[in-house]
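Got a predicted model here, sequence first, then my questions.
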Amino acid sequence: MKTRIKEFRARDGLTQEDLAKKVGVRRETIVFLEGGKYNPSLQLAHGVAKALKTTVDELFVFDD
Amino acid sequence: MKRRDTRSMAEIATGIAIAVAVVASLYFYMTGAGGTEPSEALPVAIALILVAFAVYIFWDRAKNMQRGLPAKDERLANMSYRAGHCGFIAAILTAVGAPLLSELLYGHELQGSHITAAVVIVSGFAFAMSYLYLARKGV
């Protein structure tokens, strides 16, 4: 799974810590999400998408 | 302050109090025993490593709270769950394996208190190692 979190975060001028505060998770979780090393729950994926003003589909790219 | 933060702070305070109590117990045990046998040095060292690990976890949580971030989140909960699973498996294997190994290698049966000590130390160590591994590798 690839994510476009870094791209959207840069667009909004947010640091990893800013995004973590907005979503309500630890900064390390954002690091792992950006690196595609953590599969978030649907609730967390939705929370990140909402914080970055986008959709889950836009944010997470699944390899078929 | 949110209810979640109050709970996390209470957990951190309780954890640190327990860590201090364990260190104090070890100190009184070591000084009261009139010197330690070489065979006791390793379990005591591992117990101190486990205490240091517990303090690290609480320090990490407190650091996050100071920065306005949650002490725990779903990734940390997942990680703790998996590390706990490893610790549990290690506890079962130790409970079964320690008396067997003692019988096979040294030819004498282990006392119940020694088995309990081995289970606590080995499962705690397994938990700590898998927690640190998962923290680096990701869940």
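Perfect, thanks for sending it. Small disclaimer: the values here were computed from a predicted structure and weren't measured.

Check chain B for the residue nearest chain A and tell me.
Residue nearest to chain A within chain B: residue B:138 (3.3 Å; CB to the nearest CB). Every residue, glycine included, has its C-beta placed from N, CA and C.

Which residue comes closest to that residue once chain neighbours are left out?
Among residues not flanking residue B:138 along the chain, residue A:37 sits closest, at 3.3 Å (CB to CB, 6 or more residues apart in numbering or on different chains).

And the pLDDT for the one you found?
We have a pLDDT of 88 for residue A:37.

which residues sit in contact with it?
Counting by CB atoms under 8 Å, 6 or more residues apart in numbering or on different chains, residue A:37 touches B:137, B:138, B:139.

As CSV, those with distance to residue A:11 would be great.
Listed next are those as CSV, based on distance: CB to CB, whole Å:
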residue, distance to residue A:11
B:137, 29
B:138, 25
B:139, 27
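
Would you mind listing which of those residues are buried?
Neighbour counting by 16 or more other CB atoms under 10 Å in any protein chain shown classes B:138, B:139 among the contacts of residue A:37 as buried.

May I ask you to confirm that residue B:119 is in contact with residue B:89?
No. If you go by CB atoms under 8 Å, residue B:119 and residue B:89 don't touch, sitting 11.8 Å apart.

Get me the contact residues on chain A for chain B.
Chain A comes close to chain B at residues A:17, A:20-21, A:24-29, A:32, A:35, A:37-38, A:40-41, A:43-44, as judged by CB under 8 Å from any CB of the partner chain.

Return a PyMOL selection command for the buried portion of these.
Selection of buried members from these for PyMOL, criterion 16+ other CB under 10 Å:
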select buried, chain A and resi 20+21+25+26+27+28+29+32+38+40+44
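
could you say what helices and strands the longest helix seen in chain A packs with?
Taking DSSP state H as the criterion, chain A has its longest helix at helix A:42-51. Helix A:42-51 sits against helix A:16-23, helix A:56-59, with contacts defined as 3 or more CB pairs under 8 Å, 6 or more residues apart in numbering or on different chains; DSSP states H and E.

For it, buried residues please.
A:44, A:45, A:47, A:48, A:49, A:51.

what do you get for stretch A:5-25?
Applying 16+ other CB under 10 Å to stretch A:5-25 flags A:5, A:8, A:9, A:14, A:16, A:19, A:20, A:21, A:22, A:23, A:25 as buried.

which other residues reach it?
Residues outside stretch A:5-25 that contact it (CB under 8 Å, 6+ apart): A:26-27, A:29-31, A:33-34, A:44, A:47-48, A:51-54, A:58-59, B:67-70, B:73-75.

next one: it to chain centre, how far?
In terms of CA atoms, centre = their mean, to the nearest Å, the centre of stretch A:5-25 is found 7 Å from the chain centre.

and if you look at stretch B:89-104?
Relative to the centre of its chain, stretch B:89-104 is centred 19 Å away, using CA atoms, centre = their mean.
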